[in-house]
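One predicted model, sequence on top.
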Amino acid sequence: MSIIPPEAYATVEEGIHRSSDIISAEHYPFLRNLRLRYILFLSPEVPSKATKKFAEEEDVKVVHLGLKTWQPSLGWKPVSEELIKEGLELILDRSYHPILVMCTTGLHESGAFIGCLRKLQHWNFNSIIFEYRSFANKQSRYYIEQFIELFDTDLVNVPNEPPPFFVDQQLMWEEEDREFQRTKWGPVSEV
């Protein structure tokens, strides 16, 4: 028996994974090893029969935010801010871990979503875009990159007890910011 991950699979952070929609039962053995509690589905389309069957067999809850917050008149936006906000608040609540974030292709809605997570983690914008393009390849879309750049992370209410990776990154960022502020002005001389 071979262990085959779904398309566009990757570990995002400890307890958080991403992929495309499950297309067949050949992915089940791999996904069972993740011991998922939740699947966060971001596309407006209905999850595949294979995804539904896997979730039912493994007692994994599916949260279909794509259906709930998708808006047909988003203009240039690939997803709504509300979808990203609700999804980020969900994956930053460690009671939902391990969780699999997915969209139909694993590229566009998931790419925008993970890009916004990285922005919330204070990643350098070039690194965010590099990660997005690594998954999307020739299918990358400028308007998704623009959405990530313009997403207001202040919309996201971080839970009281976020996962350890997030706490550690926030502390590191705050320390770097304090060091930058201290060195930006140079040593203060007394008169």
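That came through, no problem.

Can you give the distance of stretch 62-69 from its chain's centre?
Taking the mean of its C-alpha atoms, stretch 62-69 sits 14 Å from the chain's own mean (C-alpha atoms, centre = their mean, to the nearest Å).

Kindly format the C-alpha coordinates of that stretch as CSV.
Coordinates of each C-alpha in stretch 62-69 appear next as CSV, following Å, rounded to 0.1, in the frame of the first residue of the first chain:
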residue,chain,number,x,y,z
VAL,A,62,-15.6,19.9,7.9
VAL,A,63,-16.0,23.7,8.3
HIS,A,64,-17.1,25.0,4.9
LEU,A,65,-16.3,28.7,5.2
GLY,A,66,-16.1,29.1,1.4
LEU,A,67,-19.8,28.5,1.1
LYS,A,68,-20.6,30.6,4.1
THR,A,69,-18.7,33.7,3.3
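
longest helix of this structure?
Counting residues, the longest helix found in the chain (DSSP state H) is helix 164-184.

How far does it sit from its chain's centre?
Averaging C-alpha positions (C-alpha atoms, centre = their mean) puts helix 164-184 22 Å from its chain's average.

quick one: buried residues of it?
By neighbour count on 16 or more other C-beta atoms under 10 Å, the buried set for helix 164-184 is 166, 169. Backbone N, C-alpha and C define where each C-beta goes, glycine included.

can you list the residues that contact that helix?
Here helix 164-184 makes contact (C-beta atoms under 8 Å, 6 or more residues apart in numbering) with 13-14, 92, 121-122, 158.

pLDDT score assigned to the spatially most central residue of the chain?
Nearest residue to the geometric centre of the chain (C-alpha atoms, centre = their mean): I114, 3.1 Å. What the model reports as pLDDT for I114 is 98.
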